[in-house]
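> 3D model of this:
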Amino acid sequence: MNKQIRMRTDPITFEVIDFLLRAIASELETNLTRTSYSLMIYEYKDFAVGIVAADGQLICQGTGGLPIFLADIGAPLKSVLEAHPIDTIRPGDAFVTNDPDASGQHLNNVTMYTPVFGDHGEGLIAFITVRAHWTDIGGSVFGSMMTSSSTEIFQEGVQFPALKFCNAGQDDEQILRLIARNSRIPDITLGDLQAQLAACRLGEQRLKEMMSRYGWNTIKATIDERWMRSEQLARKRIEKVPDGVYESSCWIDNDGIEMDRRLPFNFKIIVKGDEVTIDFSDIVGQVKGPYNAGRVGGGITAAKVAYKYALIPDLHSDEGCFRPLKVILPPGKILSAGEGAPMARFNVIMATVIDGLIKAFGEVVPENVAAAHHAAQNSIQFTGRRADGKLWNYNDTAHGGWGASRHGDGTGPFKTMSHGDCKDIPVEIVEALYPIRIDELSLRTDSGGAGRARGGLGTVRRCTVLDDARLTVAWERTTCAPWGLFGGKAAEVGSVTVHCPGSDPASITKVTQWPISKGTRVTFLTAGGGGAGDPFQRPAGDVARDVKMGYVSVERALRDYGVAVSARGEVDEHVTAEYRKAQPQ
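Here you go, the predicted structure:
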């Protein structure tokens with residue numbers, strides 16, 4: 001078969017088709033961001049687009065969406081094909097699903113599929129797929145997933161079990177009315193649905209244009225060869241890693257219901273030959289609160305992200321590069337929750353899981369990994385009603401520091417590994433659209449972990465609400481500090497403080513729809529990233545620069561790095577030498 005593929009696809013044609021497929025995904029991302037109604041899509045980039053084979057195998061995926069959608073956008077297709085067999089699907093059909101049993105994520109993540117048929121009797125050959133976060137799809141609170149108190153999926157919004165909402169190019173108005181009636185912001189919700197559909201239709205058009213030029217057989221041969229090459233490259237990388245069993249542990253604070261119960265994760269990574277197995281057997285079971293995920297959107301996705309980060313960061317995502325990865329994940333775990341389990345906050349736990357897996361990979365590929373990043377989704381929501389009675393809703397997540405590595409200081413502040421290149425929502429947009437004033441947005445001094453390479457810094461965000469509102473917060477990793485590597489120190493953790501007029505300041509971590517009055521001040525502190533290497537080996541000049549830039553205080557420069565620095569950033573060489581000499585080795 002491989003010989004036939006090479007005969008049909010010469011090297012130049014292979015490269016052209018391979019690039020064109022990825023270019024389609026990139027164009028769909030651009031189209032989606034320009035036509036969507038919700039800033040969660042056009043500004044925040046909470047989406048994923050790609051092309052999957054008729055059986056759901058990943059052909060290509062855009063690089064501009066969320067990493068927690070990595071290589072899983074074809075998984076829900078199985079449920080679509082069970083409800084709508086291939087022989088019943090026609091050109092122009094379109095399907096939507098947010099079935100938690102199929103996707104394993106919160107209900108806001110709605111995946112759309114449209115079929116592509118061959119021009120010469122090949123039948124159904126592929127699906128264009130676009131997943132996007134719909135801001136509100138019903139449930140007990142505005143935003144649907146913006147709750148830490150739900151105890152079953154039915155409290156989190158309406159479920160779409162593989163619905164055909166477009167029949168041979170004709171929208172099903174009944175389904176659209178049902179969707180609109182179950183959203184507090186129906187115009188935005190339907191607008192985003194139509195933006196997804198427009199992107200899918202564009203993908204169909206582009207793939208058909210490719211077929212008219214190259215023919216489906218040549219394109220299919222290129223896809224098969226790309227999968228084969230990706231698999232071979234991945235296996236060669238793994239073969240360079242010493243066989244063995246590598247372990248790590250971490251935890252998240254709680255499930256939003258049982259606030260005093262930490263949720264532990266113990267990971268095991270097994271490297272044998274040219275395969276990697278990630279074992280989730282010893283992680284916490286399914287929890288009462290909404291901090292669960294399903295098998296596909298939880299454990300499988302986290303394993304893929306960590307595996308790709310540590311071993312094949314430069315390979316494009318397709319079916320082939322993940323074939324050497326095996327996952328052991330018993331049912332009924334927090335990352336393989338069962339039917340009816342609440343999943344509104346599945347996204348909050350993912351970054352910590354990925355971080356913990358990377359920690360284990362650090363034993364075998366230390367040059368490829370960094371110390372822990374802040375790894376906290378740090379979900380924020382302010383909501384209220386305007387003078388005319390209309391709802392307003394501001395959602396965001398916070399930036400924090402990323403871990404240092406053997407290659408240099410940690411970066412940031414950025415969002416988490418779960419976010420990818422999600423954009424920040426500019427202060428000017430927030431203040432223009434919502435009754436909120438941002439009083440401060442700055443780097444948080446001393447938040448990065450000390451090390452030969454310093455961890456990246458967290459942030460300080462202070463804001464004042466200019467009208468009565470309700471506050472929802474899901475602040476994580478407030479007890480599991482971002483760890484250092486290779487002798488580096490842990491970073492500072494985050495916190496949230498609310499100061500209502502006439503009341504004492506209150507510290508919170510997870511609250512849902514907490515009423516706050518006009519003039520309330522809220523301070524959000526995010527964690528830094530862990531340090532890498534012995535802090536006392538950091539050059540004194542680098543520490544002095546950190547002090548001068550406000551990254552490190554004078555006091556912490558001496559305590560953590562053994563460097564005596566004046567407020568003007570000048571190093572006292574004598575005091576520094578004596579202090580470092582006096583420290584135990």
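> alpha carbons only for contacts and neighbour counts from here, please
Noted.
> okay, helices next: where are they in this structure?
For the chain, the helices defined by DSSP state H occupy 2-8, 11-35, 39-42, 77-83, 100-103, 173-181, 186-214, 216-239, 301-311, 346-361, 427-433, 540-549, 554-561, 573-582.
> for the longest one, buried residues please.
Meaning helix 186-214. Neighbour-count burial for helix 186-214 flags 186, 188-204, 206-208, 210-211 (criterion: 16 or more other CA atoms under 10 Å).
> Gly384 and Gly338, how far apart?
Per CA to CA, to the nearest Å, Gly384 is found 34 Å from Gly338.
> same question but for Pro330, I mixed them up
Between Pro330 and Gly338 the distance, using CA to CA, works out to 11 Å.
> out of the helices of the chain, which comes closest to Gly118?
The closest of those to Gly118 is helix 216-239. By CA to CA, the value is 6.8 Å.
> the closest one to helix 11-35, inter-axis angle?
Calculated by axes from the mean of the first three to the mean of the last three CA atoms, to 10 degrees, helix 216-239 forms an angle of 90 degrees with helix 11-35.
> so what touches helix 216-239?
If you take CA atoms under 8 Å, 6 or more residues apart in numbering as the criterion, helix 216-239 is touched by 2, 5, 8-9, 14, 17-18, 59, 118, 211, 271, 273-276, 311-312, 315, 318-324.
> which of the residues you listed count as buried?
5, 8-9, 14, 17-18, 59, 118, 211, 271, 273-276, 311-312, 318-324.
> roughly how far apart are the residue nearest the centre of the chain and Ile349?
The residue lying closest to the centre of the chain (CA atoms, centre = their mean) is Ser418, at 2.1 Å. Separation of Ser418 from Ile349 (CA to CA) stands at 9 Å.
> now the helices of the chain as a markdown table including mean pLDDT and distance to Asp534?
Formatted as a markdown table, these follow (pLDDT from 0 to 100; distance: least, CA to CA, whole Å):
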| stretch | mean pLDDT | distance to Asp534 |
| --- | --- | --- |
| helix 2-8 | 46 | 51 |
| helix 11-35 | 95 | 42 |
| helix 39-42 | 87 | 41 |
| helix 77-83 | 95 | 49 |
| helix 100-103 | 93 | 43 |
| helix 173-181 | 95 | 56 |
| helix 186-214 | 97 | 49 |
| helix 216-239 | 96 | 29 |
| helix 301-311 | 95 | 23 |
| helix 346-361 | 94 | 18 |
| helix 427-433 | 93 | 37 |
| helix 540-549 | 94 | 13 |
| helix 554-561 | 94 | 9 |
| helix 573-582 | 81 | 12 |
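> I'd like to know which of the ones you listed lies nearest to Ile283.
Comparing those by CA to CA, helix 346-361 comes nearest, at 10.1 Å.
> between that closest one and helix 301-311, how many degrees?
Using the same axes, to 10 degrees, helix 346-361 lies at 40 degrees relative to helix 301-311.
> what's helix 346-361 packed up against?
strand 244-252, strand 263-272, helix 301-311 (3 or more CA pairs under 8 Å, 6 or more residues apart in numbering; DSSP states H and E).
> OK, contacts around the residue nearest to Ala132 when sequence neighbours are not counted?
Nearest residue to Ala132 in three dimensions, chain neighbours excluded: Phe47, at 4.3 Å (CA to CA, 6 or more residues apart in numbering). Phe47 is in contact with Ile41, Gly65, Leu66, Val130, Arg131, Ala132, His133, counting by CA under 8 Å, 6+ apart.
> disregarding flanking residues, what is the spatial nearest neighbour of the fifth one?
Spelled out, it's Arg131. Nearest to Arg131 is Thr111, by CA to CA, 6+ apart, at 4.1 Å.
> go ahead and confirm that neighbour touches Val96.
Yes. Taking contacts as CA atoms under 8 Å, Thr111 lies within contact range of Val96: 5.6 Å.
> what's the burial count for Glu367?
Per other CA atoms under 10 Å, the neighbour tally for Glu367 reads 12.
> ends of stretch 253-261, how far apart?
The separation between the terminal residues of stretch 253-261, taken as CA to CA, is 7 Å.
> I meant to write stretch 49-58 there.
Note: stretch 49-58 ends 11 Å apart using CA to CA.
> can you list contacts of it?
Contacts with stretch 49-58, where a contact means CA under 8 Å, 6+ apart, come from 25, 28-29, 59-62, 65, 71, 73-75, 77-78, 124-131, 317-319.
> that's all I had, so thanks and see you.
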